[in-house]
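A.B. asks: Make a model of this:
(2 chains)
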Number of protein chains: 2
Amino acid sequence: MGLISFIRKLAQIRAQRPDIPGSYREDPLVRTILNRRSVRKFLDCDIKDEEMTLILEAARLAPSTVNMQTWSFGVYNIETWRETFGRSIPFGARRAVLVLGDITRIKQATDIFPNSPLVEYTVSIVNASLAAMNMTIMAQALGIASVMLSDTGKTGFFSTAYLKERLKLPAGVYPLMTIVFGYPKARNVPMPPKFNIEDITFSGTYRQTHVAKIHEWFSLMEAGYRASTFFSSFRAKLSYYRQNLSRSERELRDIVLGEKPKM
Amino acid sequence: MGLISFIRKLAQIRAQRPDIPGSYREDPLVRTILNRRSVRKFLDCDIKDEEMTLILEAARLAPSTVNMQTWSFGVYNIETWRETFGRSIPFGARRAVLVLGDITRIKQATDIFPNSPLVEYTVSIVNASLAAMNMTIMAQALGIASVMLSDTGKTGFFSTAYLKERLKLPAGVYPLMTIVFGYPKARNVPMPPKFNIEDITFSGTYRQTHVAKIHEWFSLMEAGYRASTFFSSFRAKLSYYRQNLSRSERELRDIVLGEKPKM
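C.D. replies: Predicted structure coming up:
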């Protein structure tokens, strides 16, 4: 990528804005939802217990399939995270919530799921994801920033075997992600490169995104990575994932489908 | 369940409230998030295109794993839904968004996922669920009610084979749920019976919910169903699911893992 092309792409990233019609531009709710960004740098300033309670209340009151509430949450501060995992909360955040799909309560109450592991997994993690998003929006409403982690620091579904052992998870509990919370160091975190609405929607039957739009997005991601992390690159990040995927896949098949890894 | 016990349980359901500390009780964002309810009765009153755009903007700007945006959205009004599915939008809603996990864009851009179907599925549906929750909160912020459907009217992951055929979905696209939107007929929809925060959280290692709490929740669900739907019951609903689960499981295994059903 040449320098001019690089600078042009950065300008393109910085110019991105949520598409808010005039009449809603000052609406605080609309703004809160659309201006939420994933934040990875936090102030050295604690979150009040009252605020964490509100964040967990957003999780508790999220919608779920037949109100089954197929989720559990590991709730940590700096000390309890260190006791449990032997290291700091990623990105120096002050609080962390480990989000898990959890089918054990409904299985104890009823025999609705006799032998349908992939449906059980799907139900659990979809509902747990809804709770995760609700927590993140609640945090944003309180001025608290966050980022969802599914890999960094072995905090989510890319490391299910590790988390299952560390947290002593029974069958039917699936580690999904960790959300770390803190007050943001910077305001106005730029939007990462997003597809347009017409690239990701259809009416009637499915329509594929134009391949040129996909390549444009990819090159913006590369430029954005290059600008924000000097020692990394988007390709390096993807390559890291690729190298760890077969382990993650094996571990997920074990925890979800009960398929023991072949030696 | 005796009559007195039934009435007592209904009173218990009606008494449930979000737990909002005094200082946040008037905060419009906190209230919007915690007072959102799934709504199944809508006014005969259309949603403006501008509002649908904001709802889709909330989906577009939701967070996703490495900003991969592994989602697509089928967007329908009354007419286009009927053309596509040959019937009305469930619950007489005015608009519907079919939410799909979609790994095809990232697979076209890079070879990050060579052969890891369960990880690909997980990534896709977790991100798509985050987008779904963000849309629902945005709708609520605009005074628009909604309900997420994964089964009713063959609208989600309980009917993947049907939706794959109907929407002509390629490999790597996973139907998840349909959110139907409309203006609510009633205000103050009661909260369905929820577990308490201490029942669904732990610190350190995993802790199981006390079995008495699970049974209490189950009996409240039974009472709530009996009060709201005369011809149905919570047990009947669960029994309906159970009868359809082996088909759903087979279809999911086909679409996710490429396991062809055994005849």
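A.B. asks: Quick check: A:Asn127 vs A:Tyr24, distance?
C.D. replies: As judged by CB to CB, to the nearest Å, A:Asn127 and A:Tyr24 stand 29 Å apart. Bear in mind the C-beta positions are built from the backbone N, C-alpha and C, glycine included.
A.B. asks: For the two, indicate the residue with more neighbours.
C.D. replies: Remark: of A:Asn127 and A:Tyr24, A:Asn127 carries more neighbours, 26 against 18, as counted by other CB atoms under 10 Å in any protein chain shown.
A.B. asks: check contacts around that one.
C.D. replies: A:62-65, A:68-71, A:101, B:129 (CB atoms under 8 Å, 6 or more residues apart in numbering or on different chains).
A.B. asks: Surely it is in a helix?
C.D. replies: Yes - under DSSP: H, G, I helix; E, B strand; the rest coil, A:Asn127 sits within a helix.
A.B. asks: ok, for it, nearest residue in space, not its chain neighbours?
C.D. replies: A:Ser64 (4.0 Å; CB to CB, 6 or more residues apart in numbering or on different chains).
A.B. asks: okay, now that neighbour: neighbour count?
C.D. replies: Residues near A:Ser64, counting by other CB under 10 Å, number 22.
A.B. asks: My read is that it contacts A:Trp71, right?
C.D. replies: Yes - under the criterion of CB atoms under 8 Å, A:Ser64 lies in contact with A:Trp71, with a separation of 7.3 Å.
A.B. asks: what residues do the two have in common as contacts?
C.D. replies: Residues touching both A:Ser64 and A:Trp71 (CB under 8 Å, 6+ apart) are A:127, A:131.
A.B. asks: the strands in the stretch 51-200 of chain A, which residues?
C.D. replies: A:71-77, A:95-102, A:145-149, A:173-182 (DSSP state E, counting those that start in this stretch).
A.B. asks: Now do the second one: which elements does it pack against?
C.D. replies: In this structure, strand A:95-102 packs against helix A:49-60, strand A:71-77, helix A:117-141, strand A:173-182, with contacts taken as 3 or more CB pairs under 8 Å, 6 or more residues apart in numbering or on different chains; DSSP states H and E.
A.B. asks: The third one too?
C.D. replies: Of the remaining helices and strands, those touching strand A:145-149 by 3+ CB pairs under 8 Å, 6+ apart are helix A:117-141, strand A:173-182.
A.B. asks: how about the ones you listed, which one is nearest B:Tyr241?
C.D. replies: Among the helices and strands packed on strand A:145-149, helix A:117-141 comes nearest to B:Tyr241, with 9.1 Å by CB to CB.
A.B. asks: Centre of the chain to the closest one, how far?
C.D. replies: Relative to its parent chain, helix A:117-141 has a centroid offset of 10 Å by CA atoms, centre = their mean, to the nearest Å.
A.B. asks: what residue ranges in chain A score low on pLDDT?
C.D. replies: Chain A contains residues with pLDDT under 70 at A:1, A:230-231, A:261-263.
A.B. asks: In contact with A:Ser248: list those residues for me.
C.D. replies: When contacts are counted by CB under 8 Å, 6+ apart, A:Ser248 touches A:157-160, B:116, B:119.
A.B. asks: Export the strand or helix carrying it to PDB, keeping only CA atoms.
C.D. replies: Applying DSSP states H and E as the criterion places A:Ser248 in helix A:234-257. Extracted in PDB, the C-alpha atoms of helix A:234-257 (Å, rounded to 0.1, in the frame of the first residue of the first chain):
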ATOM      1  CA  PHE A 234      -4.500  -6.900  10.400                       C
ATOM      2  CA  ARG A 235      -3.000  -9.800   8.500                       C
ATOM      3  CA  ALA A 236      -0.800 -10.800  11.500                       C
ATOM      4  CA  LYS A 237      -3.900 -10.700  13.700                       C
ATOM      5  CA  LEU A 238      -5.800 -13.000  11.200                       C
ATOM      6  CA  SER A 239      -2.800 -15.300  10.900                       C
ATOM      7  CA  TYR A 240      -2.700 -15.600  14.700                       C
ATOM      8  CA  TYR A 241      -6.300 -16.600  14.700                       C
ATOM      9  CA  ARG A 242      -5.800 -19.100  12.000                       C
ATOM     10  CA  GLN A 243      -3.000 -20.800  13.900                       C
ATOM     11  CA  ASN A 244      -5.100 -21.200  16.900                       C
ATOM     12  CA  LEU A 245      -8.400 -22.200  15.200                       C
ATOM     13  CA  SER A 246      -7.900 -26.000  15.000                       C
ATOM     14  CA  ARG A 247      -7.300 -26.100  18.800                       C
ATOM     15  CA  SER A 248     -10.300 -23.900  19.400                       C
ATOM     16  CA  GLU A 249     -12.400 -26.000  17.100                       C
ATOM     17  CA  ARG A 250     -11.300 -29.300  18.900                       C
ATOM     18  CA  GLU A 251     -12.100 -27.800  22.300                       C
ATOM     19  CA  LEU A 252     -15.500 -26.500  21.200                       C
ATOM     20  CA  ARG A 253     -16.400 -29.900  19.700                       C
ATOM     21  CA  ASP A 254     -15.500 -31.500  23.000                       C
ATOM     22  CA  ILE A 255     -17.500 -29.100  25.200                       C
ATOM     23  CA  VAL A 256     -20.500 -28.700  22.800                       C
ATOM     24  CA  LEU A 257     -20.800 -32.100  21.100                       C
END
